[in-house]
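*Asks:* Any chance you can model this:
(one chain, ligands or ions: 1)
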Amino acid sequence: MSILVFIQQENGQINRLSIEAIAGAQQLGKVLGKPVNVCVFNESSANELTKFNLQKVILVNNSKLSNYNPLNFAASMEQVISKESPDLIIVGHTYEARDWVPRLSARLDLPFVSDCTGFKSDERLIVIRSIFQGKISSNVTLEGDKGFISFQSGSFRADAIESGDCPISIIDVDISQVSDSIKPGEKFQESKGEVDLSRANIIVSVGRGIGKEENMPIVKDLAKSLNAEIAASRPVVDYGWLPHERQVGSSGQTVTPKMYLALGMSGAVQHQVGMKGSDCIVAINKDPNAPIFEIADYGIVEDLFEIVPKLSESLNTR
Ligand SMILES: Cc1cc2nc3c(=O)[nH]c(=O)nc-3n(C[C@H](O)[C@H](O)[C@H](O)COP(=O)(O)OP(=O)(O)OC[C@H]3O[C@@H](n4cnc5c(N)ncnc54)[C@H](O)[C@@H]3O)c2cc1C
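*Replies:* Numbering: from 1, shown residues only. Have a look, this model is predicted:
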């Protein structure tokens, strides 16, 4: 009886969502009293994972798994699951996971609760997922308390992961009989274009409160002073003041910077789902009742046109 976390990696580089998934699984493991194992298809990633508080790292060594193929991944994980018999299989909610996990969930007749934002434990495990574009949080239980769970980006903090020391166990899989009917093409980039906001340490994000495009330079100046990436809520993108690749939220990017500065934005739930995992949220809004203040660590109730230029000036003189 255990929890198994699948680790997505590329050329040995572990996906951030997998690290967050381990942090979530460790918390879940404590509540449920179950050990946590991880499974990875790359040796150097396996070595890196031994430094975390886990029961063991399962390394599946097969050259066919060095490139993503949903059929090979599903078949390999099917064999790992059959050997390990975990109750819960946890993955980060990445594009790859939403490709191969449903196949395996159907094949094994196990439920898959996708894009979850957290969990609570009453008499049995309840996983939480947003529905209706984040307007409602639903509580979901798994039939037989077994199945697959994927965690949404930012649901658990990567830096909450517990360190430790654990062994590697190697499992051989036979995927020679897997059909080659799928030939993956060029890899899909989760963030198209040159902007990958998910890697930014500081983000200055602007909302409709900026008023008009002519006012955008004050935001760009502040971003420059902070050496930050610039981002926006959807209206700013819809008006064409910034490109879509800079939109944060349910229909934009999900970000988890060290600091997220929200300027003139209300904090609609569709925006919050994309940035609530930020370490520190600073909001400037002239409306003290704006929902953004409910999740902000620091809030300034003021006209942004008063504050932002002064902030840039003060940063530039340092
Ligand atoms: C299916 C769907 C998907 C969506 N996806 C996204 C998404 O990915 N990302 C996203 O952001 N939204 C998304 N939305 C839109 C979302 O519902 C909100 O409409 C949007 O986030 C609001 O943007 P905003 O906060 O900039 O604007 P508003 O809600 O209009 O807020 C503007 C804020 O600025 C403040 N303000 C005004 N002037 C000033 C000033 N001078 N100084 C300081 N504060 C000032 C106001 O008090 C107000 O709180 C989506 C909606 C739907 C239906």
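*Asks:* Make sure S169 is indeed in a strand.
*Replies:* Yes. Assigned with DSSP: H, G, I helix; E, B strand; the rest coil, S169 falls within a strand.
*Asks:* Bridge partners for it, pull those for me.
*Replies:* I58 (DSSP bridges).
*Asks:* Report how many residues lie close to it.
*Replies:* 15 (other Cβ atoms under 10 Å). (Each C-beta comes from the backbone N, C-alpha and C, glycine too.)
*Asks:* In terms of pLDDT, where does L242 sit?
*Replies:* Listed pLDDT for L242 reads 96.
*Asks:* Dihedrals phi and psi, it?
*Replies:* phi -140, psi 150 (degrees, to the nearest 10).
*Asks:* so what's it up against?
*Replies:* 206, 216, 230-232, 236 (Cβ atoms under 8 Å, 6 or more residues apart in numbering).
*Asks:* again, only using 7 Å
*Replies:* Applying Cβ atoms under 7 Å, 6 or more residues apart in numbering, we find L242 in contact with 230, 232, 236.
*Asks:* V127 now?
*Replies:* So V127 contacts 113, 116, 119, 140, 149 (Cβ under 7 Å, 6+ apart).
*Asks:* pLDDT check: weakest of these?
*Replies:* Ranking those by pLDDT, C116 lands last with 92.
*Asks:* Distance of that residue relative to the ligand?
*Replies:* Going from C116 to the ligand by Cβ to the nearest ligand atom, to the nearest Å gives 19 Å.
*Asks:* which residues pair with that residue across the strands?
*Replies:* On the basis of DSSP bridges, C116 is bridged to R129, F151.
*Asks:* Does it touch Q152 like I think?
*Replies:* Yes. With contact defined as Cβ atoms under 7 Å, C116 counts as touching Q152 (6.5 Å).
*Asks:* Three-state assignment for L4, please.
*Replies:* strand.
*Asks:* what does the chain put close to the ligand?
*Replies:* 133, 207-209, 233-235, 247-252, 264-266, 268, 270-271, 274, 284-287, 290, 303-305 (Cβ under 6 Å from any ligand atom).
*Asks:* Please compute how far stretch 299-309 lies from its chain's middle.
*Replies:* Here stretch 299-309 is found 30 Å from its chain centre; the criterion is Cα atoms, centre = their mean, to the nearest Å.
*Asks:* again with stretch 115-128
*Replies:* 17 Å.
*Asks:* on that earlier part again, between the contacts of L242, which sits nearest the ligand?
*Replies:* V236 (6.2 Å; Cβ to the nearest ligand atom).
*Asks:* which SS class is that closest one?
*Replies:* Per three-state DSSP, V236 ends up helix.
*Asks:* so how far is E213 from it?
*Replies:* V236 sits at a distance of 9 Å from E213 (criterion: Cβ to Cβ, to the nearest Å).
*Asks:* The two: which has the busier surroundings?
*Replies:* Comparing V236 with E213 by other Cβ under 10 Å, the one with more neighbours is V236, at 25 against 12.
*Asks:* where does N139 fall, helix, sheet strand or coil?
*Replies:* With three-state DSSP as the criterion, N139 reads strand.
*Asks:* And I281, by the same measure?
*Replies:* strand.
*Asks:* packing partners for the helix or strand where K83 lies?
*Replies:* Using DSSP states H and E, K83 sits within helix 70-84. If contacts are counted by 3 or more Cβ pairs under 7 Å, 6 or more residues apart in numbering; DSSP states H and E, helix 70-84 sits against strand 56-60, helix 97-108.
*Asks:* Good, wrapping up.
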